[in-house]
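>>> take this sequence and fold it.
(chains A and B)
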There are 2 protein chains.
Amino acid sequence: MSSEREQENPPSSPKHFNQTMAPLAIESATSAQEMLDLEKNGHAERAQWVLNPPEPPSLWRELKDCMRETLLPQCSNFLSSRNQTGFKTVISVLQAMFPILTWSRNYKATKFKNDVLAGLTLASLCIPQGIGYATLAKLDPQYGLYTSVIPPLIYAVMGTSREIAIGPVAVVSLLLSSMIQKVQDPESNPAAYRNLVLTTTFFAGIFQASFGLFRLGFLVDFLSHAAIVGFMAGAAIVIGLQQLKGLLAITHFTNKTDVISVLKSTWISVHHYWNPHNFILGCSFLIFILSARFVGKRNKKLFWLPAIAPLVSVVLSTLIVFLTRADNHGVKIIKHIHGGLNPSSVHLLEFNNPHIGQVAKIGVIVAIVALTEAIAVGRSFASVKGYHIDGNKEMIAMGIMNIAGSFSSCYVATGSFSRSAVNFSAGCETAVSNIVMAITVIICLEFFTKLLYFTPVAILASVIISALPGLIDLNEIYNIWKVDKLDFLACIGAFFGVLFASVEIGLLAAVTISFVKIIIVSIRPGTEILGRLPGTDTFCDVDQYPMAIKTPPVLIIRIKSGFLCFANANFVKENIMKWATEGEAKDTKGIGKRTFQLVILDMSNLTNIDIAGIACLEELRKNLVSNGMELAITNPRWQVIHKLKLANFVGKLGEKIYLSVGEAVDACLNPKIAAI
Amino acid sequence: MSSEREQENPPSSPKHFNQTMAPLAIESATSAQEMLDLEKNGHAERAQWVLNPPEPPSLWRELKDCMRETLLPQCSNFLSSRNQTGFKTVISVLQAMFPILTWSRNYKATKFKNDVLAGLTLASLCIPQGIGYATLAKLDPQYGLYTSVIPPLIYAVMGTSREIAIGPVAVVSLLLSSMIQKVQDPESNPAAYRNLVLTTTFFAGIFQASFGLFRLGFLVDFLSHAAIVGFMAGAAIVIGLQQLKGLLAITHFTNKTDVISVLKSTWISVHHYWNPHNFILGCSFLIFILSARFVGKRNKKLFWLPAIAPLVSVVLSTLIVFLTRADNHGVKIIKHIHGGLNPSSVHLLEFNNPHIGQVAKIGVIVAIVALTEAIAVGRSFASVKGYHIDGNKEMIAMGIMNIAGSFSSCYVATGSFSRSAVNFSAGCETAVSNIVMAITVIICLEFFTKLLYFTPVAILASVIISALPGLIDLNEIYNIWKVDKLDFLACIGAFFGVLFASVEIGLLAAVTISFVKIIIVSIRPGTEILGRLPGTDTFCDVDQYPMAIKTPPVLIIRIKSGFLCFANANFVKENIMKWATEGEAKDTKGIGKRTFQLVILDMSNLTNIDIAGIACLEELRKNLVSNGMELAITNPRWQVIHKLKLANFVGKLGEKIYLSVGEAVDACLNPKIAAI
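As a prediction, this is how the structure comes out:
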């Protein structure tokens, strides 16, 4: 029957059906009474539909489905290719694992030109940033450059995003240093600290890859957008404050990251010793970089200007220091950077470390934060260009690139907000821009590290600070405030958590507030009175639709929450009793005693109910009956009607279960209609 | 207009309107085209209703309303009585505070007879239980009797329940001893331990009273029914195991409460020294009490038999020990019980204790558990007798009775499951039965404590064990399993938490599982396909209603969750895209290429949305458009449409917002209908 009707294309709406059929009905002299009987039978039939749905899937079944859906797509890729020959199977598996095999076939010279341009622009930004972020992570400068070599190369062959620029990023660097230095002090034993960073990188990679393999991509969704915006803004300010160390050439700086400790430590240090050269040098180049960005924003053709400004600053400032030998006058310089390609670091991974548990924990946190940033970046650019990013494939790519990174002296790499934007505006076409960047960094590592001997530390601080405004999205914060006040609370919670406590507490605050928000919104015990919209058979909230008309002898109430459970059922019950009895009182004062005969509970919103919810419905029914009213329920959802039947509530209700509010109202008023 | 329509009683449903009006319409020769135009105008008008609802209350407004609703009812009681004279005001305030003033006016001799009978039955059960629970709480036996005097007297004048029997209860006694002994060892310094128990009682009273004053009754709802059932069952077993100490007369018993520690400790002790007299004495009287209960259950007239069996056991066993001087043969006896009325204990409260913070924390936990038990008991009996219990008034009464109790050597009292049931079946009429019980206990304290010198400890263990089966509600556990598997998980989580970890961990597990359940149910990212129910204009889930007919060129999807937020929005989006594109693929294999033109997203279920949810809708729209489909939304709720408007999503959707799915389908198919 169902498929038969489906063939009628288009199926006409019953309303139109009624209209066109009405004359026929009258011609065949069907009496109004027969119509009513027909209607009544329809009601009864539809009530049976409500009462006897098929069994909903059980919890075990749902769990099984969920597991299969999570794990099987991987297998089914292989299984579906069973019909193909062995060679083709290998090819298709390889293509699934390495997207580069697919897109490289259509790769053309024009694309390559654009990619080279974007890659070079990227490298000019990446080199100074990499050195800066390495110092933020409390590692030697060359680790930032190492991290810009291996991970981008691996991502280029495995990743699905075309715009992401892979390498070290500010927030992850800060997170690593702030958490690992609690386990191992970087000043007293830099080698042990570095080994822990590499071990953390290994763990982060393992976690990222397994999130992808087990399709746990949803873990990344658990950091709400609003919380991330707040967290990033807070982290940006914290990172900026950390740069006071480089900008003011402070030797004894606090290990804490909160605003108050940092400002206090800075105040004491500056009071103690103060060399203005570093500050003047750093600030002037900061102003230069920011002006270059301003010009670049105004004139889209000069997009390369802000991108190369940091490198120009590094070269210029290094020249200035070299020529004036300012390092003899208190200007701090980087000094020796270890040149040459990434050395192997497999032997440096410490799995027997007594703090291995903590290191693994840090690995999880870093893995999630790094993924969150990368996937947010990737999704936003993919959405602009209109293609789809496979979250789980991305995670596997990121995981493998970080595992490989941990074997080759890289720390945690991920997709950078600022550099991806530069890559995009430089017109990159594919991940080849990442390869070009990596090769450029290799050349730099091989030949030019010695030239960075005289680079002033203050310039690195300027480069980092100049990248921070991109992390503070004031527009989005305003937007969040405008649209959703609770989301804004999550946003500023994360912001102040990072700013005044620590990075981890900020993250914790973000996650906690996000979930508390879900609980508050989900169990908020709301009820609304419904009325009929004039000219329709639709019943709506009388507050939202002031034109809706109440149907006095019947009180229609809808539960606003999606889950009637222990936490809100009592409130809902008391609210409904208040409506039912207060409405009575009001009418008594007005035009004679007019009580409600029937309370209709519209359950459309309820997707689920629990034992406590059912018990409350039962109490509500008893209370209403003892007040001389009846309870009817309409449109219970699958799980709800199933549970109500199991709990024997349906039997107690009698026949008062309807498909829609309209039918319930009709059924209540029917005797009167028949009497007209 | 609205009130005008309201006067038409009963308002006829538009469907009936159509039917009765149809002949008229044809007589006046309205062409089908005009009808369609009318219909179209109706659509447009109704779309405006959806788009321009009044402003929903802002977060601040809601907070304010919530605060006023929470705090004002107390004040309004006083304010409403402003018109009355001063004397009457005082009277009505007093009556509100002390319900006894109201019901005592109708108190009659017949009621008193019933209450005395019930009170005496209660006392005969309360005296042995009180002594037993005091030992469970690791206090001297007389504290259990003290606690059966002051709190019931105060509750009788302030409480609203007629059946609750107030006094010490097993679970609270266990909770107190298991938590306070971590702060202060009861063996090494019993006086200090007792002082901390009294201080905890004071705090618990303060918290309970303030929950009531600030109308925070919902806190009690946060322990879900299922979790309480599991917790109680686990606690009953733990309490039973603790009685092994008394039953086997073990001197060195573990302080831990988990099954494994207790069994291990028992095994070691019994191995070391074993006196069968205690065990035989205890077991034989346990069998006696249980048989008495069995007889009482079979024959309702002998309801008093199980109630007095414990007292009879105490008297008999005391006599036996006294006559045989069995205490010289290893039978442990209570020995000295301090007689006389409750001494003052104001000077024993320790507010300068270094552990005061922990004591206050224990106070909160005990306060909530005690209230949960009392209110569950009170509600269930009130529901049987058909009257209403005011949760907040109950809390104030409980709070004040515990504060007063802490001043008069009582520990935390609350409503007992087992004794309230006895009170009810003994035919109590009012709280006078509590007063009779208290007076009986006073008489016992004054004159009979010396007679309890030879009472064997094993009998107290039997009395406690015999009360435990009432805490294990196997029927309810089976019912929970049958109706709701997730609730069952909360139930056994609490059960095993209490059993194998500790009482606090069991409670924590119960609360955590309950809230995780809310989160899982609320954000479970479900979508369902809707079809039209034959003969109606209602669109329902095709899985729940297999007779529903799909409307092929239009894909109608409803979001199953109540809150589209960061945690589920991405999943929902990907699900919808899968439906939209897979449906396409399936049709291609079938009867020629037939793609969906329109995806209608029914938002009826969504009570709220957040920034991430809106962003996902926006992405969904883009993805659908790039696949050649359009997106329409129907029936957005108040908060949702408000936020969608604020976020400018409505503008991007164009005109594709409808009041109901039916209207959206009509609007999509309209040109074709017009062509027929």
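
>>> report pLDDT for A:D140.
For A:D140, the model assigns a pLDDT of 91.

>>> for the residue in chain A that chain B sits nearest to, which non-adjacent residue is closest in space?
Taking Cβ to the nearest Cβ as the measure, the point where chain A comes nearest chain B is A:G562, at 2.1 Å. For every residue, glycine as well, the C-beta is placed using N, CA and C. Once its chain neighbours are removed from consideration, A:G562 has its nearest residue in B:G562; the separation is 2.1 Å (Cβ to Cβ, 6 or more residues apart in numbering or on different chains).

>>> quick one: that neighbour and B:S522 touch, right?
Yes - under the criterion of Cβ atoms under 8 Å, B:G562 is in contact with B:S522, at a separation of 6.2 Å.

>>> and for the two, which residues touch both?
Both B:G562 and B:S522 are in contact with A:521-522, A:562-563, where contact means Cβ atoms under 8 Å, 6 or more residues apart in numbering or on different chains.

>>> can I get the residues you listed in a markdown table with pLDDT and secondary structure?
Shown next, in a markdown table, are those (pLDDT from 0 to 100; DSSP: H, G, I helix; E, B strand; the rest coil):
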| residue | pLDDT | secondary structure |
| --- | --- | --- |
| A:V521 | 81 | helix |
| A:S522 | 79 | helix |
| A:G562 | 83 | coil |
| A:F563 | 86 | strand |
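
>>> now do the residue nearest the centre of chain A against A:A376, distance only.
With distances taken as Cα atoms, centre = their mean, A:D221 lies nearest the centre of chain A, 3.8 Å away. When distance is defined by Cβ to Cβ, to the nearest Å, A:D221 is 11 Å away from A:A376.

>>> got it, and A:V384?
With the distance defined as Cβ to Cβ, A:V384 ends up 13 Å from A:A376.

>>> same check on A:S284?
Counting by Cβ to Cβ, the gap from A:S284 to A:A376 is 34 Å.

>>> likewise A:S317?
Relative to A:A376, A:S317 is positioned 33 Å away (Cβ to Cβ).

>>> those two - which one has more neighbours?
Neighbour comparison, A:S317 and A:A376: the larger count goes to A:S317, with 25 against 17 (by other Cβ atoms under 10 Å in any protein chain shown).

>>> leaving out the residues flanking it, which one is nearest to that one?
Counting by Cβ to Cβ, 6+ apart, the nearest residue to A:S317 once its immediate chain neighbours are dropped is A:I459, at 4.6 Å.

>>> for that neighbour, give me the pLDDT.
According to the model, A:I459 scores 88 on pLDDT.

>>> just A:D390 next, same as before
79.

>>> and what of A:L349?
Value for A:L349, per-residue pLDDT: 90.

>>> count the residues that sit near it.
A:L349 has 18 neighbours, counted by other Cβ under 10 Å.

>>> just A:M629 next, same as before
Other residues within reach of A:M629, judged by other Cβ under 10 Å, total 20.

>>> show the contacting residues for it.
A:580, A:595-599.

>>> mind listing which of those residues are in helices?
With helices defined by DSSP state H, the entries of the contacts of A:M629 inside them are A:A580.

>>> list buried residues within the contacts of A:M629.
Judged by neighbour count, with 16 or more other Cβ atoms under 10 Å in any protein chain shown as the criterion, the buried members of the contacts of A:M629 are A:580, A:595-596, A:598-599.

>>> which one of these sits closest to B:R68?
Nearest to B:R68 among these, counting by Cβ to Cβ, is A:A580 at 21.8 Å.

>>> sorry, back to before: would you list the shared contacts of B:G562 and B:S522 in TSV and tack on neighbour count?
Conversion of the shared contacts of B:G562 and B:S522 to TSV gives the following (neighbours: other Cβ atoms under 10 Å in any protein chain shown):
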residue	neighbour count
A:V521	20
A:S522	24
A:G562	26
A:F563	27
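
>>> nearest residue to A:N402 in space, please, no chain neighbours.
Ranked by Cβ to Cβ, 6+ apart and with sequence neighbours excluded, the top spatial neighbour of A:N402 is A:G205, at 3.2 Å.

>>> sorry, wrong one. I was asking about A:I464.
Taking Cβ to Cβ, 6+ apart, and ignoring the residues beside it in sequence, A:I464 has A:G132 as its nearest neighbour in space, at 4.4 Å.

>>> now the one you found: which helix or strand?
helix A:109-136 (DSSP states H and E).

>>> can you check A:A397 too?
Under the assignment here (DSSP H and E), A:A397 is part of helix A:391-407.

>>> pairing partners for the helix or strand following that helix, with directions?
Scanning forward in sequence from helix A:391-407, with DSSP H and E defining helices and strands, the next element found is strand A:414-415. When sheet partners are counted by DSSP bridges, strand A:414-415 sits next to strand A:166-167 (antiparallel).

>>> list the contacts of the partner strand.
Residues from elsewhere that reach strand A:166-167 (Cβ under 8 Å, 6+ apart): A:126, A:129-130, A:147-148, A:151-152, A:155, A:159, A:401, A:413-416, A:419, A:434, A:437.

>>> how about a cut-off of 10 Å?
In this structure, residues lying in contact with strand A:166-167 by Cβ atoms under 10 Å, 6 or more residues apart in numbering or on different chains are A:122-123, A:125-127, A:129-130, A:133, A:144-145, A:147-156, A:159, A:374, A:397-398, A:401, A:405, A:410, A:413-416, A:419-420, A:423, A:431, A:434, A:437-438, A:441.

>>> can you list the weak-confidence ranges in chain A?
A:1-41, A:43, A:69-85, A:386, A:583-594, A:670-676 (pLDDT under 70).
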